[in-house]
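# Give me the fold of what follows.
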Amino acid sequence: RNLVLSRQPGLQLAGAEVMPTLDAALAATHEQARVYVIGGAELYAQGLPLATEMVLTEIDADLAGDTFFPPWPRVEWQETQRRSGVGAEGVHFHFVTYRRRPAAA
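The predicted structure is shown next:
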């Protein structure tokens, strides 16, 4: 099931349901075991406080861009898996899974 968030009224996309907000999308998927937020920056910032797991691609390069994953408190997260590789252009990358640490009592 694919949900796309958009503020554009009446938007229709083949193969996707359009939702107006992250809250609406989460309500529509409340029975799903896993929900993935795949961008952009504003959605990452909204979803990060709700997340219990993150799957990130970390790239070993300084690249120009105007959209970035928001800063996040690394001390609250534990790395649980890492797969590394090298892209076609020789850029090293890592697929990293993090789980949120339990809150201190």
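# Show me the helices in the chain, by range?
With DSSP state H as the criterion, the chain has helices at 22-28, 41-47.
# mind putting these in a markdown table, distance to V35, mean neighbour count and mean pLDDT included?
From N, CA and C alone the C-beta is placed, and that goes for glycine too. Formatted as a markdown table, the helices of the chain follow (distance: least, Cβ to Cβ, whole Å; neighbours: other Cβ atoms under 10 Å; pLDDT from 0 to 100):
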| stretch | distance to V35 | mean neighbour count | mean pLDDT |
| --- | --- | --- | --- |
| helix 22-28 | 7 | 15 | 95 |
| helix 41-47 | 9 | 15 | 93 |
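# Could I get the ones you listed in TSV, plus columns for distance to R1?
Listed next are those as TSV, based on distance: least, Cβ to Cβ, whole Å:
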stretch	distance to R1
helix 22-28	9
helix 41-47	17
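# out of those, nearest to L56?
Among the helices of the chain, the nearest to L56 by Cβ to Cβ is helix 41-47 (10.0 Å).
# can I get the CA coordinates of the closest one in PDB?
Provided in PDB are the C-alpha atoms of helix 41-47 (Å, rounded to 0.1, in the frame of the first residue of the first chain):
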ATOM      1  CA  ALA A  41      12.700  16.800   4.900                       C
ATOM      2  CA  GLU A  42       9.500  18.200   6.500                       C
ATOM      3  CA  LEU A  43       8.000  14.700   6.700                       C
ATOM      4  CA  TYR A  44      11.200  13.300   8.300                       C
ATOM      5  CA  ALA A  45      11.100  16.100  10.900                       C
ATOM      6  CA  GLN A  46       7.400  15.300  11.700                       C
ATOM      7  CA  GLY A  47       7.900  11.600  11.800                       C
END
